[in-house]
Every structure is written in structure tokens, then in C-alpha cells.
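Novice: Following is a predicted model, sequence given first.
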Amino acid sequence: MNPEPQERTPQVTGELIANRRVGDYHHLTFAAPGVVERARPGQFVALAVGGDTSANLLRRCFSIYRAEGGTVDVVIAARGPGTRWLTDLSARDEVNIIGPLGRGFPLPAEPVACVLVGGGYGSAPLFWLAATLRQRGCHVEMVLGAATRDRLFGVAEARRCADGLMVTTDDGSEGVPGWVSDVLPAVIDRSSAEIVYGCGPMAMLRSVTEVAAAHGAVAQVAVEESMACGIGVCMTCVMPVTGDDGVTRMVRCCVDGPVFRGDRIRWEAFDHGWCRVPQDAHGAITKSDASGAVTKQGGAQ
Amino acid sequence: MIDMSVDLAGMRLPNPLMTASGCAANGRELHRFFDIAQLGAFVTKTVMADPRSGRGTPRMAETPSGMLNSIGLQGPGIRDFAAGDLVWLESVGARVLVSIAGNTADEYADVAAALCQSPAFDAVVGVEVNISCPNVANRGLVFACDPLSSARVIALVREKVPPDVPIFAKLSPDVTDIVEIAGACVKAGADGLTMINTLLAMVIDTELLRPQVAGVTGGLSGPGIRPVAVRAIWQVRAAMLGGRIPTVPIIGVGGVRTGDDALQLVAAGASAIQVGTATFNDPNAPMRVKRELAAALQARGFARFNDVVGIAHTRLDRKRQ
């Protein structure tokens, strides 16, 4: 029994059309027919790096910044060998692209006010989301924050596509000095927002979730968890999320997310770059198991 | 046209290509990329008796031509698997090689028994026994590192699985003498061997100066370990040819990314090929390797896949004469 064509995930050779430097980031545009047509805000693409014989096997996953007219745009921070390979590409170079992947931002059925919060280049999927929400009659406020001015992404675009904008930087080089969570309460209250969408570092998403809850709004956050495959087979990008049944499971960010209701994420499990399995999680390894497993495990996948 | 069919311990498969356990989840995800019924067999993620959350994160680190993983055997438990995933796999027409494990030898037997009760057991073309698990009853020593522990698990599983369904012992390369372990498993009733599991390895995060994965150590996989797989398959096949251990089919796995890679394992003695970590890079890799392997055989003038299994041993003999 062959999969129905509409159930297939496209894997295509994308041709780079443009590679522009934007602050500390690179904005890449690929011709990627097949990927774009079904994409929704909040979904992502998985890019292979280094060509067919690359020693870097793992795909790099990026939120879709734009998807229109047969092209897909992503924003990349050059941090390691894979992202540097991508940002060093020139027009007409080819990259293997899989997408769209993951579950995008859920959209409200009613035209409610929304606040979109982006940390650093985590803002990338929010402009497209803002346009989609405004088409549905939603009032859209944006809050963009970063450590410094160079690490903000899309401030000018935010002015065009949102009804209101607040900018924060840790060092005060642009906008209000401080964090997005400092200004977010006033923005939610002023706009009577019912939904806060967030994308950025985990610590920011946690505070966005807490602020939203304290001000009567629901948080929908897109997480940045490192992924090896992006398609749900490697089980590396998991985190503890509580389901509708009240049970916490280690769920895959790539296929079950990357967007989750903020209040469903077990934030207390995250600590200094680690995320432990809550003791009450479904199938949590008991202490007697774990003692042997850590030191003696050989090759178990 | 090349005849790619293979008889694997009594199970006739249309071609020798498989997914590798833990690199393909339980089928639905890859079925979005290709029809998994076109594989020789789909190999499921190792399932144990109870549901398991696996370890915390980070769970992986990229390595040169490979990766380190420390998942901790996250899975649904055999009852949900037998009533859910396996039923789905049968519904799409997949031939399934089910990977099982346990914390104790008895748990392996219980998992095998529960698997046989699945309403979809007809889809099962074999059971792969993942013996690279810490033995709780033996101070956490991995079963696969001890011939007696390995043999005990295999014998118990063999008793529970119907005789017409072959069982395969998946061996770890982290042993002094893999031939000894292979021999122990075959004598205990293994109908075949799967070689190799990942290598125990470790990566340090040089920014944080601490182990990069939360489990501290993990399993190394990918093209970087392919020469280890070729060596292990070669040694065990040579022992079979030399009459030191009984002859059974070997399923080769370890770092296969292309048809040429697969051909190395086949020439060393593998009768079937699993594609694992390469699937993370290219979800279509198992099917691509199938095409590339057929083309490579055709280009070398072979008519049957079966004629190439272990062929490198005969070429070496010629050189020596």
C-alpha cells in the first residue's frame, strides 16, 4: 500500500537564490518547489549540510521565515561547522531540503488580540504569523528582544506587519534596556491579548509562559531543541510535555512540536543545558534502573 | 535484472535492505517518505516489557562521519507495541523484524512471548534480540559482553518464538573476541546474527567542559564505524567458513550510507543490510542503497545478490594459492 501523495513529505534539491547578511545573521532564500505550497507559520525545514559525502550527517533545522512563490526563506546564525557551511554558500549552490516539518502555530477561530514575542532570530517565523493573524482580523502586537542591537532580527519588518512594536536589548543599544519579559505585561494588558506566541531561547519561552499566565493569556511557544533528523525517527529532540490526559511524556519536538502550549511544558525539568525526565513522567526510569544504565550502557539506542 | 531476493534463515525476502533498529522509529515516520513495504524488512525500535521514557537530554552529539546517541531505549512497552505499532506495520504490508530487549534474561523471554500474542504476528519475519542491554542481575554488565549471559537470553527467547520464525542475536563490537560471542549465541539457538551494534563512546562539550550527552556515554554510529562492522562480519564469517562455529546468515549493519558501503559488508559475509544513521541524513537512504547496491552488482556482472555474499573470502583464498 503506497502512501497517499498528500501524506508524503517532500525532499527536494533547493537552489540558493540569495544569501544576505542581516546583523549577526544570514537570510537565505532557496527555490524549493514542493516544500513551500503546504507550509504553515511555525513549521520548519531540515537542511543537509556539506554535500552528499559530508562528514556532518545531521540535518540542521530552521523555522521557515517565509514561504511564497516557490521559494523558502530561513534565517541562520553561523555557530558551528554546519551553519557556517550554509552561510558560506553562494547563489546557485544546491542544498538538500526536507519540509515542511512539524506542527505550526495554532490559529484562533475568533479575531482576538495577540502578542508575538521573538528572542534574537527566533523572531523569524513571527512575521509570517503576524500577516496570517491580521488576515483573520486579529490585532497583532510584537515584542522583539535580543542581547544587542546586532542580534535583533526584523525590527523594520515588524513595524510594517504589526499594529504595535516594542523592542528590548540587554545592553540598551536599541529600544528599552532589559528583557522582553519586562515589557510584556504592559503589552498584554494594553491590548487585552488572549494569545501570546513566542519563539526564542528556552529561558525566554519560560518567562513568556509565566507572564502570559499571570495576565490571563495562553502562551503558544515554538521551542529550539537540537534535532538530529527533524522527521521523528532519532528520538533526540524530546522534552517533557503534559498531554490532555494530564500525563507527562517525553515527546519529540520535531513531530509533536515545535509549537507547544507553554503551560504544558515541564519547565522545572530544564537546568543548565540539561533536561531531566520528571519522576512522574510516563515510563520514567526508576532510580535502580538508572544506576546501572548510566555507566554500563553499551550501544543501546 | 538482478535477483536481489535472499533466504534469511528460512525467511524469503524480496531484497536484502532493511532499516536499523532505533534509526527508523516504528514505521509511520519513514512511510511519509517511501513505501516501507518495499524494504526487505522493516526493523523496529527495541521494545522492552514496560513503557520507557528514556533518558534526559542532551541525547546526542555529532561526531566525524557519525554521531553519539544516548536515548535510553525510549518506547511504548511490548503490549502497546504488539497491539498498536505492529498492527499498523502489518496494515501497510511491511515485513517486520522486531527488536526486543530486557533488563533480565527472563524479561527478554516475557517480551518475546507477548510479541507472539500480537494479532499482527503474521507480519513478523524475525525477532532481533538486542543483547546490548545492561543485565540488572549481573551488576549491569551488558549481556552481549559475556558469552554465558548472551547464550542464556538467546535460549530463553528461542523457546518462546515459534520455530518457523528465526531469531537474530545483535552483537556488540565492544568485546575482546566477537567470534566467541557469536558462537555462543548460535549454539544457544540463534538462527542468525546482526552485526554490529554501536560502539560505546563519549564526547566532551569543550565550552561547558562536561560530557555532552546527559547519559555521559553513548553509542557511536554512522559511516565512521563502518570499517569496524566490516571487520567484525569478516571475522565471524571466516570462523563459519573455517568450521569453528556453525554457519548462519549475518545481517550487516554499521555505517552504510551508499550501495558501495553495503557491498563491502556483503562481500565480507552479510546476507542482508540495515541502513541506520544514514537515514537521519537522507530519509530515503534505505531505498536508495537498495538501488545503488543492485546497480553496483550489475556493473560487476553478477546476476544474483546471493552470489556475492562473503565473496571477499574466496578472493583472498585465490591470492594465497
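Specialist: The structure has been received and is ready for your questions.

Novice: Spell out which residues of the stretch 101-250 of chain B are next to chain A.
Specialist: B:101, B:103, B:130, B:132-134, B:136, B:139-142, B:144-145, B:172, B:174, B:197-200, B:208, B:214-219, B:221-223 (C-beta under 8 Å from any C-beta of the partner chain). C-beta: built from backbone N, CA, C; applies to glycine.

Novice: 6 Å - rerun?
Specialist: Proximity of the stretch 101-250 of chain B to chain A, by C-beta under 6 Å from any C-beta of the partner chain, involves residues B:132-134, B:140, B:142, B:172, B:174, B:197-198, B:200, B:214-216, B:219, B:222.

Novice: Low-confidence bits of the stretch 151-300 of chain A, can you list those?
Specialist: Filtered on pLDDT under 70, the stretch 151-300 of chain A yields the residue ranges A:286-300.

Novice: Max pairwise distance over the residues of the stretch 101-250 of chain B next to chain A: which two?
Specialist: B:140 and B:222 (26.1 Å; C-beta to C-beta).

Novice: which of the residues of the stretch 101-250 of chain B next to chain A count as buried?
Specialist: For these, a burial check counting by 16 or more other C-beta atoms under 10 Å in any protein chain shown picks out B:132-134, B:140, B:142, B:172, B:174, B:197-198, B:200, B:214-215, B:219, B:222.

Novice: So which residue is dead centre in chain B?
Specialist: In chain B, the residue lying closest to the centroid (C-alpha atoms, centre = their mean) is residue B:194, at 4.8 Å.

Novice: Was I right to think that one contacts residue B:168?
Specialist: Yes. Using C-beta atoms under 6 Å, residue B:194 is in contact with residue B:168, at 4.8 Å.

Novice: Now the common contact residues for the two.
Specialist: residue B:128 (C-beta atoms under 6 Å, 6 or more residues apart in numbering or on different chains).

Novice: and residue A:172, how many residues sit next to it?
Specialist: A count of nearby residues for residue A:172, using other C-beta atoms under 10 Å in any protein chain shown, gives 12.

Novice: quick one: it from residue A:151, how far?
Specialist: Plainly put, residue A:172 is 13 Å away from residue A:151 if you go by C-beta to C-beta, to the nearest Å.

Novice: Phi, psi for the residue positioned nearest the centre of chain A please.
Specialist: The residue lying closest to the centre of chain A (C-alpha atoms, centre = their mean) is residue A:222, at 4.2 Å. Dihedral pair for residue A:222: phi -100, psi 120, per degrees, to the nearest 10.

Novice: Tell me what the closest residue to it other than its chain neighbours is bridged to.
Specialist: Nearest non-adjacent residue to residue A:222, counting by C-beta to C-beta, 6 or more residues apart in numbering or on different chains: residue A:199, 4.2 Å away. Beta bridges link residue A:199 to residue A:118, residue A:222 when assigned by DSSP bridges.

Novice: tell me the contacts of residue A:199?
Specialist: Residue A:199 makes contacts with A:118, A:122, A:125, A:222, as judged by C-beta under 6 Å, 6+ apart.

Novice: and which of those residues is nearest chain B?
Specialist: residue A:222 (17.2 Å; C-beta to the nearest C-beta).

Novice: Identify the spatial nearest neighbour of residue A:170, chain neighbours not counted.
Specialist: residue A:147 (4.6 Å).

Novice: now the one you found: how far from chain B?
Specialist: 17 Å (C-beta to the nearest C-beta, to the nearest Å).

Novice: Could you report the pLDDT at that residue?
Specialist: pLDDT, residue A:147: 96.

Novice: try residue A:4
Specialist: 59.

Novice: again, but for residue A:33
Specialist: 88.

Novice: and the residue lying closest to it once chain neighbours are set aside, what pLDDT?
Specialist: Once flanking residues are discounted, residue A:33 sits nearest to residue A:70: 5.0 Å by C-beta to C-beta, 6+ apart. At residue A:70, the pLDDT value in this model is 91.

Novice: what does residue A:1 give?
Specialist: With respect to pLDDT, residue A:1 has a value of 48.

Novice: Give the closest residue to residue B:283 in space, chain neighbours not counted.
Specialist: residue B:33 (4.2 Å).

Novice: Residue B:285 versus that neighbour, what's the distance?
Specialist: Relative to residue B:285, and taking C-beta to C-beta, residue B:33 is found at 10 Å.

Novice: One more: residue B:266?
Specialist: 16 Å.

Novice: Which one's more surrounded, these two?
Specialist: residue B:266 (28 against 25).

Novice: Show me what counts as buried in the longest strand seen in chain A.
Specialist: Secondary structure of chain A per DSSP state E: the longest strand is strand A:11-22. Buried residues in strand A:11-22, counted by 16+ other C-beta under 10 Å: A:11-12, A:14-16, A:19.

Novice: Same check on stretch B:189-202?
Specialist: So stretch B:189-202, judged by 16+ other C-beta under 10 Å, has buried residues B:189-201.
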